[in-house]
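*Asks:* kindly return the folded structure for what I paste below:
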Amino acid sequence: MLPSILSKSRNAPSPAGHRRHLRRLLSSSLGRATTFPPTTAIALSPPPPSTNSHLASSPHSYHRYASILQSCVAAGSLRAGRKLHGRLLVSGLGPDTVLSTKLVDLYAACGHVGQARRLFDGMPKRNVFLWNVLIRAYAREGPREAAVQLYRGMAEHGVEPDNFTYPLVLKACAALLDLETGREVHEHISGTRWGQDVFVCAGVVDMYAKCGCVDDARAVFDGIAVRDAVVWNSMIAAYGQNGRPMEALSLCRDMASNGVGPTIATLVSTISAAADAAALPRGRELHGFGWRRGFGGQDKLKTSLVDMYAKSGWLHVARVLFEQLMKRELVSWNAMICGYGMHGHADEALELFNKMRGDAQVTPDNITFVGVLSACNHRGMVEEAKEFFGLMVDVSSIEPTVQHYTCLVDVLGHTGRFEEAYDLIKGMSIKPDSGIWGALLNGCKIHKNVELGELALQKLIELEPEDAGNYVHLSNIYAQSGKWENAARVRKLMTNRGLKKILACSWIELKGKTHGFLVGDASHPRSDEIYEELERLEGLMSDAGYVPDTMPVFHNVGDDEKRNMVRSHSERLAIAFGLISTPPGTKLLVTKNLRVCEDCHVVIKLISKISQREIIIRDVNRYHHFVNGECSCKDYW
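*Replies:* Next up, the predicted model:
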């Protein structure tokens, strides 16, 4: 939400209107017989005195040139502007500060930053507007280091930055993740009259957010005396971008209670936070609010809603909104493809991918391929995943990221193709991270590959020595193989290192309130009713032939104790609470911080059939969509 130096009036003519106006100006002012020098080699120093010196002294000609140049800037007409540049040099007006400033603005706005810089360097007088034009160009086009260097150069030339300069250089610092320079700029701002300017403060908040310093961003936000929507939006986005969606949602409520009207940017950021937090009820409220405020027809809002509904399992609603978009940008295609992929709807994801590349002629990016590879991974489509990986690298010329490699390693490990998976890891162009080795370790757990699992754990410990989950994975592999002594040894190692297993926890949001449950939890006010509902369901499941699977309990204890441990898993408690707290037919969305175990997966399928409910579980790996006794993952996860 940073201001543009050359922000256009709301009633400004369209680019097409600017171009028509420009043609009229050129034809009336320069005439058809005017001859321009070649446009590819315009001199940047003034030529010898022109024989047409009367042009330079004519106020009428001067103002006409200034007007034409301004129209070139507004229309983005580089070709006409370069011709006029040559005419100015011939006429003797080339060195004029005002006209040169407009030329710098034109070249910078059209992406010819090098040419703008050469003109800039040749000008003896440079005001703050001119510095801002060039800083903006570098902050937008790069190299962003040049924007920072120009900012430092202003002080050397005695030019004081203004409320346009600071947001621009802060934007460059954010893109570079240059926290040190960002803090330096912030400190400088604090000693100027711009310390409470809303646009400048929004830039500071955004810089800290992009650099991962959310608490610093909040400290700046709290110190602003008068906050407008721009500042609120910056702080809401800061929370959303840094994995703190609940705080983003809370701040949106505070914004409304402080009498600041939400904008389209507020809704987009907050809806994105609702998607990340799996807060579907909050997202639906925001959806309705946006429609009531008249934003319903805007593609930006619809695209954020596509992402929110897709992540929340309402794929049909997401697709309806997607089809309603006036113009489908890459981000909207990605939201829909990734939504299908994370829910295991591989056929729909791949069909949409083909439509995107074919009919729509939209070029996929690295995020698109993450969605496609994720879809293949969640359905065990190994050959297809390898084919799309090759398409990404060989045809689209996209350098694979760790996310792409993780998807491919995961699907190879999941299907027991460990040699291929390990060869892929060894041949990666980038260093494997914990996600890569974790995917391999997960495959080893599924197929009880102890030897390769030990290797993966060794790599994980090197990368994440304090993550207890890695040790638990290996301990479970040993337990599955009946190697209880080895499992105990790993758990003892955890104890010696002071590491504790992450507690399984599940959440469900009802009526704007989030309810959390731990395994065996009895702290909820309606705990007795929850366990009564579980007993009722267990009786119906037993009648249908259900027998508890205690395999997921990796403890050397008796079967009865194992059954008691399984039956009170956190996701079951959350589902039971949802069933007794909502009307029949209500869809339930539960989030879990760990992987759903095999027995719970069977149980939830049965519950969905018995209760005639649609149940969505969002675990640490993927989404499970349970309907009428079936899961979208087809028992592959």
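
*Asks:* could you use CA atoms for every contact and neighbour count after this?
*Replies:* OK.

*Asks:* roughly how far apart are Tyr62 and Leu99?
*Replies:* Between Tyr62 and Leu99 the computed distance is 9 Å (C-alpha to C-alpha, to the nearest Å).

*Asks:* of the two, who's got more company?
*Replies:* Between Tyr62 and Leu99, counting by other C-alpha atoms under 10 Å, Leu99 is the more crowded of the two (21 against 16).

*Asks:* so which helix or strand takes in that one?
*Replies:* Secondary structure assignment for Leu99, by DSSP states H and E: helix 97-109.

*Asks:* for the record, mean pLDDT for the next helix or strand along the chain from that helix?
*Replies:* Note on helix 97-109: by DSSP H and E, the next helix or strand toward the C-terminus is helix 113-121. Mean pLDDT, helix 113-121: 88.

*Asks:* residues in contact with the following helix or strand past helix 113-121?
*Replies:* Along the chain past helix 113-121, the next helix or strand (assigned with DSSP H and E) turns out to be helix 128-141. Outside of helix 128-141, the residues that reach it under the criterion C-alpha atoms under 8 Å, 6 or more residues apart in numbering are 5, 101, 104-105, 108-109, 111, 113, 116-117, 120, 144-148, 150-151, 154, 159-162, 164-165, 168-169, 171-172.

*Asks:* same question, stretch 614-634
*Replies:* 313, 342-345, 378-379, 585-596, 604-610, 612-613, 637.

*Asks:* list the buried residues of that stretch.
*Replies:* Across stretch 614-634, burial judged by 16 or more other C-alpha atoms under 10 Å covers 614-619, 622-633.

*Asks:* before we move on, what about stretch 187-195?
*Replies:* Buried-residue list, stretch 187-195, by 16+ other C-alpha under 10 Å: Ile189, Trp194, Gly195.

*Asks:* what do you get for stretch 535-546?
*Replies:* Quick answer for stretch 535-546 (16+ other C-alpha under 10 Å): Leu537, Glu538, Met541.

*Asks:* mind listing what Leu440 touches?
*Replies:* Val409, Asp410, Gly413, Ala421, Gly453, Ala456.

*Asks:* the first one against Gly438, yeah?
*Replies:* Read it as Val409. No: Val409 is not in contact with Gly438 according to C-alpha atoms under 8 Å; the separation is 9.6 Å.

*Asks:* what distance do you get for the closest residue to Glu464 other than its chain neighbours to Cys173?
*Replies:* Of all residues not flanking Glu464 in the chain, Ser434 sits nearest, at 7.3 Å (C-alpha to C-alpha, 6 or more residues apart in numbering). Using C-alpha to C-alpha, Ser434 is found at 28 Å from Cys173.

*Asks:* mind checking pLDDT for Glu348?
*Replies:* For Glu348, the pLDDT comes out at 95.

*Asks:* so it is in which element?
*Replies:* Applying DSSP H and E as the criterion places Glu348 in helix 346-357.

*Asks:* and after that helix, which helix or strand comes next?
*Replies:* Following helix 346-357 toward the C-terminus (DSSP H and E): helix 366-378.

*Asks:* quick check: mean pLDDT across that next one?
*Replies:* Mean predicted lDDT for helix 366-378 stands at 94.

*Asks:* and that helix, how far out from the chain middle?
*Replies:* 15 Å (C-alpha atoms, centre = their mean, to the nearest Å).

*Asks:* what of stretch 162-173?
*Replies:* 23 Å.

*Asks:* and which of the buried residues of stretch 187-195 is nearest to Ser429?
*Replies:* Nearest to Ser429 among those: Ile189, at 42.2 Å, using C-alpha to C-alpha.

*Asks:* so who does the closest one touch?
*Replies:* Contact partners of Ile189, counting by C-alpha under 8 Å, 6+ apart, are Tyr166, Gly195.

*Asks:* likewise Ile436?
*Replies:* Val402, Tyr405, Thr406, Val409, Asp410, Ile425.

*Asks:* now do 6 Å
*Replies:* Thr406 (C-alpha atoms under 6 Å, 6 or more residues apart in numbering).

*Asks:* look at Val409 and Gly438 and report which has more neighbours.
*Replies:* Neighbours were counted for Val409 and for Gly438 using other C-alpha under 10 Å; Val409 has more, 28 against 22.

*Asks:* name the SS class of that one, please.
*Replies:* helix (DSSP: H, G, I helix; E, B strand; the rest coil).

*Asks:* neighbours around the residue lying closest to it once chain neighbours are set aside, how many?
*Replies:* Of all residues not flanking Val409 in the chain, Ala421 sits nearest, at 5.2 Å (C-alpha to C-alpha, 6+ apart). Residues near Ala421, counting by other C-alpha under 10 Å, number 24.

*Asks:* how far away is Ala421 from Met428?
*Replies:* Between Ala421 and Met428 the computed distance is 11 Å (C-alpha to C-alpha).
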